[in-house]
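>>> coords please:
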Amino acid sequence: MRNPSNRNWTDGLAWLAARPRSSAWIATGLLALLALMIRPPVIEGSMLDQISGSNEGLEVALQIAQASGDATTVAVIVRPKVGISIAAVFDDLATLRQKLASASDSASVRSIDSVRDQLFLYDLNPDDSVHTLTSALRENPLAQTIISADALSFLVVVSSPGGDEKQLLRLLGEHHWDDVYSAYRVLAGLELEQDIAAGLERDLRVLIPVAMFLMLLALWAAFGGWRALLLPVFASIASAVVTFALFSAANVTINLVTLLALPIVLIVGLANSCHFLARSDAVAEGRQDIDAAVAQSLQRVGPPFFFSSLTTAIALASLGLNDFPPIANLGRLSAGALVIVYFLVLLAAPLSLRWYLQGSSRSWQESGPFLRLSAWLARRRAPLSAVLLLVMVAGAVTVPLLSVKSDPRSFFPDDSRFSSAIDEFEKDFYVYSPLRILVSARSDEDDPLLALQSSSALRGSLEELSSVRQVALQPAQKSVGAFVLTALLSEGDELPNIVAWLDKQSELLDERLSLVYSSALIVYNTIDEGAIASLSRSLAWSLALIFGAILLVFRSPRAVFSTVLANGVPLAIVCGGIWLIGDPLNLVTLFVFLVALGVIVDDSIHILFWRSSGVPVGGSSIEFSVLLSTALLCLGLLVWQFSDFPTTRQFAGYCALALGGAVFSNLTVLPYLLGRPINRGGSAG
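Purely as a prediction, here's the structure:
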């Protein structure tokens, strides 16, 4: 007697198969309604908003920024023309001050020295060239001046408390830099946001259509006809419409993280359509009529397609527990989109498969490369399984050796003007992310002179450190008993040592005072720590729910054990690959494991359903569809190696590596460990 749940599946899918046109109209109508929800996408270029959530490090940074006056600051790297005099530079900076005065009375222009407003207070003739000045400064070890080590370039730091950065950049753009300088580079946060937004737009407009085209081309080559593309094309359109509709409904902006939702849903939807096509081909080969072939294809592929979509959605939905809003939005949006796309594809499948089978001139069994690979895997299943399990153990050993570190540069587009300018900034001026320290009285009743004395003493101690180039002291805004120190470092790698030194100073500080510090690198480090904790929780939930669902559906501990080992192989391969390459994990590549787990377990579920029917895996349509769907997934992911963003390339590359390892483990380790068929009716296999 059939299991009641199986009968419900069969009856429902048979009802759909008997009404292909009606179900197609329903799918089209639902898709049209979703399309009406779409609004023009908002592309967000703000770096910190993309990768940070609510965390202590960010709150401290914002507190210090507010105490510093929260000024808008833009740095300009300038190179004076040969023979230009100091007087000419003076006149040019005075002209720039006058222009900025129209925007803000408190706007300031500081040259070369980022601390003192007046640099050229040296006993030099104004007619001397800038070269003479820089030579004198280099010979004076007490002149803590930010000058180029090997050229005549120097900094112009423009700041405006509470100013508008767009207006500041506009005024700088209108300045006649060419009159005095041979070159100039602008270093501003708005420049970076514009670069990131432009890079995201290129990825959205170019890479996604290219990935879709190549995957459809591969499907056409595999099945030998345009009719095979009907269902995949519908799946592609549905994936894009549903994803953008959910973006609009949830008011989520497209940024470096959430952009990944669209390729994930698109690639998974396209790959899953392979199972319908391969199964309908196999049934048609048995000389059944088309209606019977379509009905049987839906009944055989529909249930595993649902559970594979569900497990992928579970893995992605677990990202919704993350503390970082962009990652949480990615998880929720992609999980919801996958479930909706499943139902739309299922509704469109009967009519699409009928049209395909009516004009099909070849079957999957004519795909020579897949058959040869299938035969090779079948002959070497046992030794390959042993090798892959050993690889899993070796990869697991590398897990404690992996480092987690977010380099802000990896979030910049390759051709970013900001990125190249900051490279020059660090190379020529030896200045890294400034360290800012806030010393404040714990209450308004405490003597403000105590904070000033302690801040001055701390400044003197910092200036004695060899890794600190300059220290500036200024009173905090809107606070009587607080002072802000800004320390410029000569070596970026020295930050951990200075932080440890500051912690000791904090312990020695008067109990009536508090000391907090921050820098961009410290903020990124705190984000890393939060990301590890959040993603660990998400991974634990994902593993428990996915393998719990497999146990519930198949009621076989053997099936769960075999699936765990088969899917552990590709994840271990990724760990080993990351360790061998020497890449650290960052905020984007950290959730490779969650996304990869949700995708690679799909093939395991299809194979488990297949084995529950008692049919061997080798040489079957399930083996062909697993090979083809994985090839499509890898092809779609590898297109993202042309992204402008290093983090996106890392994410796509490691996901493709996981999928490549998964296809071998699912076709060797899983069938080998399963052995005899699984009785899905209720007995433990």
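>>> and residue 168, what element?
Under the criterion of DSSP states H and E, residue 168 resides in helix 165-174.
>>> could I get the buried residue list for that helix?
By neighbour count on 16 or more other Cβ atoms under 10 Å, the buried set for helix 165-174 is 165, 168, 169, 171, 172. Every residue, glycine included, has its C-beta placed from N, CA and C.
>>> with adjacent residues omitted, what lies nearest to the residue most central in space within the chain?
The centroid of the chain falls nearest to residue 588 when counting by Cα atoms, centre = their mean (3.3 Å). Nearest non-adjacent residue to residue 588, counting by Cβ to Cβ, 6 or more residues apart in numbering: residue 647, 4.0 Å away.
>>> show me the contacts for that neighbour.
Taking Cβ atoms under 8 Å, 6 or more residues apart in numbering as the criterion, residue 647 is in contact with 256, 410, 411, 586, 587, 588, 589.
>>> now do the phi/psi pair for the fifth one.
Backbone dihedrals for residue 587, given as degrees, to the nearest 10, come out at phi -60, psi -30.
>>> pLDDT score for it?
Model confidence at residue 587, expressed as pLDDT, equals 70.
>>> surely it touches residue 529?
No. With contact defined as Cβ atoms under 8 Å, residue 587 does not count as touching residue 529 (11.3 Å).
>>> between these two, tell me which one has more neighbours.
residue 587 (25 against 13; other Cβ atoms under 10 Å).
>>> state the distance from that one to residue 355.
Per Cβ to Cβ, to the nearest Å, residue 587 is found 45 Å from residue 355.
>>> what secondary structure does residue 485 sit in?
Secondary structure state of residue 485, per DSSP: H, G, I helix; E, B strand; the rest coil, is strand.
>>> test my guess that it contacts residue 471.
Yes. Here residue 485 lies in contact with residue 471, judged by Cβ under 8 Å, at a distance of 5.9 Å.
>>> shared neighbours of these two, anything?
Shared contacts of residue 485 and residue 471, counting by Cβ under 8 Å, 6+ apart, come down to 459, 462.
>>> where does the stretch 151-300 of the chain dip in pLDDT?
Scanning the stretch 151-300 of the chain for pLDDT under 70 picks out 151-152, 161-163, 281-288.
>>> which parts of stretch 197-213 are buried?
Buried residues in stretch 197-213 (16+ other Cβ under 10 Å): 197, 198, 199, 200, 201, 203, 204, 207, 208, 211, 212.
>>> can you flag which of those belong to helices?
Taking DSSP state H, the ones among these that sit in helices are 197, 198, 199, 200, 201, 208, 211, 212.
>>> next one: the helix or strand hosting residue 462 to chain centre, how far?
Following DSSP H and E, one finds residue 462 within helix 448-463. Offset of helix 448-463 from its chain centre (Cα atoms, centre = their mean, to the nearest Å): 42 Å.
>>> cool, and stretch 574-586?
That offset, for stretch 574-586, works out to 16 Å (Cα atoms, centre = their mean).
>>> any chance you could map the helices in the stretch 301-450 of the chain?
325-359, 368-379, 381-397, 417-429, 448-463 (DSSP state H, counting those that start in this stretch).
>>> which of the ones you listed is buried the deepest?
helix 325-359 (a mean of 23; mean count of other Cβ atoms under 10 Å).
>>> other SSEs contacting it?
Using 3 or more Cβ pairs under 8 Å, 6 or more residues apart in numbering; DSSP states H and E, the elements in contact with helix 325-359 are helix 4-17, helix 20-36, helix 47-51, helix 230-250, helix 261-285, helix 290-317, helix 520-554.
>>> so where's the stretch 1-150 of the chain shaky on pLDDT?
Filtered on pLDDT under 70, the stretch 1-150 of the chain yields the residue ranges 1-11, 46-56, 58, 69-71, 103-128, 130-150.
>>> what angle sits between the longest strand along the chain and helix 165-174?
For the chain, the longest strand by residue count, based on DSSP state E, is strand 71-80. Computed with axes from the mean of the first three to the mean of the last three Cα atoms, to 10 degrees, the direction of strand 71-80 lies at 20 degrees from that of helix 165-174.
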